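# Got a predicted structure plus its sequence, pasted below:
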Amino acid sequence: MSFISSAQDATSAMRDVFPPTPLLRNVMLSDRFNADVYLKREDLSPVRSYKLRGAFNAMRKVPDQRVFVCASAGNHAQGVAFMCKHFGVKGVIFMPVTTPDQKIMKTRMFGGEHVDVRLVGDYFDDTLASAKTFCAENDAHFLSPFDDADVIEGQASVAVEIEEQLGDAPDHILLPVGGGGLSAGVSSYFGGLCGYTLVEPSGAKSLASALQAGEPIDVSPIDSFVDGAAVAKIGALNFQALRHMPPAAVIDVPEDSICATIMEMLNVEGIVLEPAGAIAIKALEKVTDQIRGKRVVVVASGGNFDFERLPEVKERAQRYEGLKKYFILRLPQRPGALKDFLDNLGASDNITRFEYLKKSARNFGSVLIGIETDRPENFLDLFRRIDDAGFTYTDITNDETLAQFVI
């Protein structure tokens, strides 16, 4: 059976478990990019991500297996848990000790009495090693999150549904890339029928690095902020399916820029996306010329967003858009010095952080100041005014090392 037929068969079998996720034309994005932009809303699946597709397909291929094991800190764990309950089998799910409580709770909720969640290791590598050891000792079946032919086939059901919903293949499709399960499945199904943009977070460019090296390589250390797509080494099977991709088709976007997209989709469209779910939407602005006038599909891969992260996401979005800055001000230790500085603020400049630091000299003190405004240009005017007033300051907004300690 061909890959296309197998993917169609897997998709048909899924209909006994959950309906297709919607494919919706987005007016805001279509108008902005002069194209017909559709969002494939994987955030509206039963577990708010596409991961249950691969889990379903891999588990249905081994009907006699009664114990399944996975290692995951997020969406894969929830997909496996959901399918363990559906098939009535036991799942042992290994998660790092540092996994947020929300994700642990949802995994247990989806699996119920069918899953045993075990918190092992501070880092994922330790968690994965424990899961594989358990499999070897208990004759259990390990479910890879992406490096598995049946998982790739299951993720291809996203493409099958897109084809059914559109009537044929789109002109162009944008896909997030982490381990490569989704991108390998969708591109294997559509083949040369459409153009591709595969999108990685800037802090975890495993596919781009593999294409350059000619084989999967470990790009550790990585930035784990886009946790659904932050993978240090793309899967071997996934790379084989993607190695024909031209390097220009693989792009990356900065983590802070993804935060701006999360905030816009939430505030304007009312759509809740996790960082990995928003990454392909953000990439639209990098392929404007390629998609103009075309029918474009963007896969919003997941919506498992912990709202405890919202302040951080908003902060990073404002910094990326130039609406918030932090700097250390050298302030004279005399009456009226602070008022002299405040007199330089514009009507839209708002102090959000003010903290005296250690005195740098007898007659001067250092102050950490955070300011947000409504237009990036306002900072040019502010800095000009405080320069003219003779104040000494250091902009630390983009100094990640220093920001970790003082912001």
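Right, received. Where do you want to start?

# Quick one, grab the pLDDT at the residue most central in space within the chain.
By C-alpha atoms, centre = their mean, the chain has its centre lying nearest to Ala276, at 1.9 Å. Ala276 carries a pLDDT score of 95 in this model.

# From what I see, it and Pro176 are in contact.
Yes - at 5.4 Å, Ala276 counts as touching Pro176 under the criterion of C-beta atoms under 8 Å. The C-beta positions use only the backbone N, C-alpha and C, and glycine is treated the same way.

# Nearest residue to the residue nearest to the centre of the chain in space, please, no chain neighbours.
For Ala276, ignoring the flanking residues on the chain, the nearest one in space by C-beta to C-beta, 6 or more residues apart in numbering is Gly228 at 2.9 Å.

# Can you give the domain ranges for the protein?
Taking automatic domain parsing as the reference, the chain has its domains at 3-48+154-313, 66-139, 322-406.

# Strands of the stretch 1-150 of the chain, start to end?
Secondary structure of the stretch 1-150 of the chain (DSSP state E, counting those that start in this stretch): strands located at 23-25, 36-41, 67-71, 90-95, 115-119, 141-142.

# Quick one: residues contacting Ala55.
Contact analysis of Ala55 by C-beta atoms under 8 Å, 6 or more residues apart in numbering lists Cys70, His76, Gly79, Val80, Phe82, Met83, Leu143, Val151, Gly154.

# no, scratch that, I was asking about Arg15
Going by C-beta under 8 Å, 6+ apart, Arg15 touches no other residue.

# And Pro254, by the same measure?
Each residue near Pro254 by C-beta under 8 Å, 6+ apart is listed here: Pro201, Ser202, Tyr320.

# Okay, and which of these map to strands?
Within those, residues falling in strands by DSSP state E are Pro201.

# Let's have the strands of the stretch 1-150 of the chain in JSON lines, adding distance to Ala280.
Formatted as JSON lines, those follow (distance: least, C-beta to C-beta, whole Å):
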{"stretch": "strand 23-25", "distance to Ala280": "14"}
{"stretch": "strand 36-41", "distance to Ala280": "9"}
{"stretch": "strand 67-71", "distance to Ala280": "25"}
{"stretch": "strand 90-95", "distance to Ala280": "26"}
{"stretch": "strand 115-119", "distance to Ala280": "30"}
{"stretch": "strand 141-142", "distance to Ala280": "29"}
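
# right, and the ones you listed - which one's nearest Asp395?
Closest to Asp395 of the strands of the stretch 1-150 of the chain is strand 36-41 (C-beta to C-beta; 36.1 Å).

# Mind giving me the packing neighbours of that closest one?
On a contact count with 3 or more C-beta pairs under 8 Å, 6 or more residues apart in numbering; DSSP states H and E, strand 36-41 meets strand 23-25, helix 27-33, helix 157-166, strand 295-300.

# can you rerun that using 10 Å?
Where contact means 3 or more C-beta pairs under 10 Å, 6 or more residues apart in numbering; DSSP states H and E, strand 36-41 is packed against strand 23-25, helix 27-33, helix 157-166, strand 172-176, helix 275-282, strand 295-300.
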